[in-house]
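A.B. asks: okay, sequence plus prediction incoming.
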Amino acid sequence: MENPLIEAIKAIIYGIVEGLTEWLPVSSTGHIIIVSAIPGFDVSSTYGDVFWEFFLVVIQFGAICAVIWKFFKKLNPLSDRNTKEKNKAIWIMWLKILIGCLPAGIIGILLEEFLPTAAKSAFYDSVPLVTSMLILYGVLFVIGERFNKYKAKKYVSSLREKGKDPNTPYPYKFRNVEDIDYLTALYIGLIQVLSIVPGTSRSGVTILGALALGASRTAAAEFSFYLSIPVMVGATLVKGYSFYESGVTISNNMVVYLFFGTITAFAISILVINFLMKFIKKHTFEGFGYYRIAAGIVLASLLGAGIIA
């Protein structure tokens, strides 16, 4: 019988990792794999694969509750404190969010329902695939942000040549999240489908996509947060139903894992979201690209050493 206190500590560590990595564009999957390689942290070997998959989705739900908490006022179309025009604009935003979520939602449900269990396990648990995606998207972040720096410098140079104020804000196509139109929301949603590949990072790929489509870093990050709400709530419901159908009996230690992991993921996510929204006002995502590359190298080293498989 596992010690409940030790299990609570492990759950808190998983919650910290989830809260830190879910919203930063660094891939929560890759970091969860690294933690699970620590002796004694392999939850699936103790409680089974079914509970492990359910636990991962539940702590993601804890993280998504942080987004709902953080942006509740901006996304509540029923508030009597808003004008009718404001609430109408919020409903329009929700329509854009749902449009952006459709592609990933449809593909996710199809994979969950029709992909054989063995194939799903081989795909989602593929450490070489996660490692490759960490490095690939890390490189894309570095290249993308350097290209954005080049465009910004070129823009400032053109302003000076024309005798205009070089401090004039860069003319983003979508400076604020409200500026994103329906078609662009769909495009970002189609790009979000790539996040089904483990190691990609849902926030990372949607932010990259939004930046490429002309959004500012603030608008890209905020819309990425919004898109996560229906996607991750839906994933929780689907996995919850699958767990119920599996007939697995929840033990006291499982409850400990779910409770402490979820609460911790929620609390850490609040801090991370606040940090990221302030960080991107003065910094680029290039540093996250280098971090992803380093994390991919660590994962590849663990794989090569036979510590993880």
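C.D. replies: Arrived safely.
A.B. asks: what's the single longest helix in the chain?
C.D. replies: In the chain, with assignment by DSSP state H, the single longest helix is helix 127-161.
A.B. asks: keeping just the C-alphas, turn the worst-scoring helix or strand of the chain on mean pLDDT into CSV.
C.D. replies: Least confident helix or strand, the chain: helix 117-124 with a mean of 72, by mean pLDDT, DSSP states H and E. Taking Å, rounded to 0.1, in the frame of the first residue of the first chain, the C-alpha atoms of helix 117-124 are listed here in CSV:
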residue,chain,number,x,y,z
THR,A,117,-6.1,1.4,-28.1
ALA,A,118,-2.8,-0.1,-29.1
ALA,A,119,-2.3,2.4,-31.8
LYS,A,120,-3.3,5.3,-29.5
SER,A,121,-0.8,4.1,-26.9
ALA,A,122,2.0,3.8,-29.5
PHE,A,123,1.2,7.2,-30.9
TYR,A,124,0.7,9.3,-27.7
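A.B. asks: show the pLDDT at the nearest residue to residue 222 once chain neighbours are set aside.
C.D. replies: Spatial nearest neighbour of residue 222, chain neighbours left out: residue 177 (4.4 Å); criterion: C-beta to C-beta, 6 or more residues apart in numbering. Backbone N, C-alpha and C define where each C-beta goes, glycine included. Residue 177 carries a pLDDT value of 95.
A.B. asks: quick one: residue 177 from residue 93, how far?
C.D. replies: 8 Å (C-beta to C-beta, to the nearest Å).
A.B. asks: one step back: quick check on the residue nearest to residue 222: phi, psi?
C.D. replies: Main-chain dihedrals, residue 177, degrees, to the nearest 10: phi -60, psi -30.
A.B. asks: distance of the closest residue to residue 252 other than its chain neighbours relative to residue 48?
C.D. replies: Closest residue in space to residue 252, ignoring its immediate chain neighbours: residue 4 at 6.7 Å, by C-beta to C-beta, 6+ apart. The gap separating residue 4 from residue 48 is 18 Å, by C-beta to C-beta.
A.B. asks: for residue 302, same thing?
C.D. replies: For residue 302 relative to residue 48 (C-beta to C-beta), the value is 23 Å.
A.B. asks: what do you get for residue 74?
C.D. replies: 40 Å.
A.B. asks: same question for residue 99.
C.D. replies: For residue 99, the distance to residue 48 equals 37 Å [C-beta to C-beta].
A.B. asks: which one of these two has more residues nearby?
C.D. replies: Neighbour count, other C-beta atoms under 10 Å: between residue 99 and residue 48, residue 99 has more, with 18 against 14.
A.B. asks: spit out the contact partners of the more buried one.
C.D. replies: Residue 99 makes contacts with 182, 185, 186, 189, as judged by C-beta atoms under 8 Å, 6 or more residues apart in numbering.
A.B. asks: hang on, the earlier thing: please name the residues that touch the residue nearest to residue 222.
C.D. replies: Contacts for residue 177 were tallied using C-beta under 8 Å, 6+ apart; they are 93, 218, 219, 222, 223, 226.
A.B. asks: what's the neighbour count on the last one?
C.D. replies: Meaning residue 226. Residues within reach of residue 226, counting by other C-beta under 10 Å, total 23.
A.B. asks: that one contacts residue 72, doesn't it?
C.D. replies: No - if you go by C-beta atoms under 8 Å, residue 226 and residue 72 don't touch, sitting 11.9 Å apart.
A.B. asks: re earlier: what subset of the contacts of residue 99 is buried?
C.D. replies: With burial judged by 16 or more other C-beta atoms under 10 Å, the buried subset of the contacts of residue 99 is 185, 189.
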